[in-house]
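J.: How does the following fold in three dimensions:
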Amino acid sequence: MEEILEKLSENSVSDGSNSPNSSQFSHYYKSGPTVNDQQKRRETILKDLKKKRELSFDKNRGHIVKEKQEGDEESMEWKNTHSTKKKKWYSKDYQNKLMFSEWLIEVPEDFQENWLCLPCPKGHRALVAATKENTEVYTKYGCLQARFQSCLPSGSRGNFDGDTILDCIWNFACKQYYVLDVLQWAGRDLTECEAQFRFFWLKSKFDELPKLRTANEHNKYPIEPLQYYDCSRLNDLARELYEFPVTSSQTSSPGVDGLLFYHKEYIYEAGFTPLVGWLKPYMLPEILSITWIHPEYLKEKPHDYTTLADHIDDSKKQKRNWWSVKRFNSNEKS
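T.: Next comes the predicted model:
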């Protein structure tokens, strides 16, 4: 292992010269921009964010920001998508709130200084909302999936600490929620806070509430924040990746689906963004020159995989074909 880490320290991150021109996430992660386009958009978004913060600071100086009142009503409605199916409960308040990544097609210029890495477990994306003494789980479309009691603020009877909203992964085999990010905690909006602060906040709050990490009478499912790594210390990440699997402190781990890369200064904003990147573990040698990963990850590489650039192009073609078939079938029915 020491030899491995030595090798990594010499060449843990590529300089971009060799950068290339099924997960449950595959259908809503990733667009496939060009390298230059992705870098330019990052710079533009960060500049706009800085200006927005400066204007907001000047505008709100000396004023108290009005928060959502406890009695405010949620916009909920029934939808019946098919006569033979059960009705589904949707909430407009939780529709389209999740933030999604793009493929990390090249190493950002400030990668070691300003980026964080989050190994992401296999499972289903979920928005977990603790509100009105209940904990509710929604899809990205705002469809209610589950309701239970938890130790999150406002997540159980007698708990009136303010609403909490988390961006999570639900793993059915482990019966556990893994926390990617936080939008709100005990009534405090954190979406305008930088990623580095949000991750620190999550860790500190979960350290204060150890019962969240286990299933108990007040907490139906374990809820655990994922460990993040500073991209200036990829040796630590490489060590974890070599000791397959990774993501959980528990003995039963769901294994890694991929790795999310967050810019430290970016806020939480719904939709796709180039300031959150995504790679499969088998892509690390190609993009980040991390070659010492567990062989199990390499087994997940598709037999026809060549480069990330080709993979993006193939995905685009498949998507276009899918839409063509769908339109054809729709025309046939009409």
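J.: OK, contacts around F197?
T.: Neighbouring residues of F197 by CB atoms under 8 Å, 6 or more residues apart in numbering: L190. C-beta: built from backbone N, CA, C; applies to glycine.
J.: what's the distance between it and D181?
T.: Distance, F197 to D181, by CB to CB, to the nearest Å: 11 Å.
J.: again with L190
T.: Where D181 is concerned, L190 sits at a distance of 9 Å (CB to CB).
J.: which residues do these two both contact?
T.: Residues touching both L190 and D181 comprise 198, 268, with contact defined as CB under 8 Å, 6+ apart.
J.: for this protein, which spans come out with low pLDDT?
T.: 1-36, 56-86, 244-252, 322-323, 325-326, 328, 330-334 (pLDDT under 70).
J.: ok, back up a step: among L190 and D181, which residue is more densely surrounded?
T.: D181 (23 against 18; other CB atoms under 10 Å).
J.: The closest residue to that one other than its chain neighbours pairs with what?
T.: Excluding the flanking residues, the one nearest D181 by CB to CB, 6 or more residues apart in numbering is D167, at 4.1 Å. D167 has these beta-bridge partners by DSSP bridges: L127, D181.
J.: Wait, D167 touches Y177, no?
T.: No. Counting by CB atoms under 8 Å, Y177 is not a contact partner of D167; they are 10.4 Å apart.
J.: So for those two, which residues contact both of them?
T.: Shared contacts of D167 and Y177, counting by CB under 8 Å, 6+ apart, come down to V128.
J.: quick one, phi psi at the residue nearest to L209 when sequence neighbours are not counted?
T.: In space, and not counting its chain neighbours, L209 is closest to C151: 5.7 Å by CB to CB, 6+ apart. For C151, the backbone dihedrals are phi -90, psi 10 (criterion: degrees, to the nearest 10).
J.: OK, contacts around C151?
T.: C151 makes contact with 159, 209, 211-212, 218-219, 223, according to CB under 8 Å, 6+ apart.
J.: can you do 6 Å?
T.: Residues in contact with C151 (CB atoms under 6 Å, 6 or more residues apart in numbering) are 209, 211-212, 218-219.
J.: And the strands in this protein, which stretches?
T.: 76-79, 88-91, 99-103, 115-121, 124-131, 134-138, 144-148, 164-171, 176-185, 188-189, 223-225, 229-230, 256-263, 271-279 (DSSP state E).
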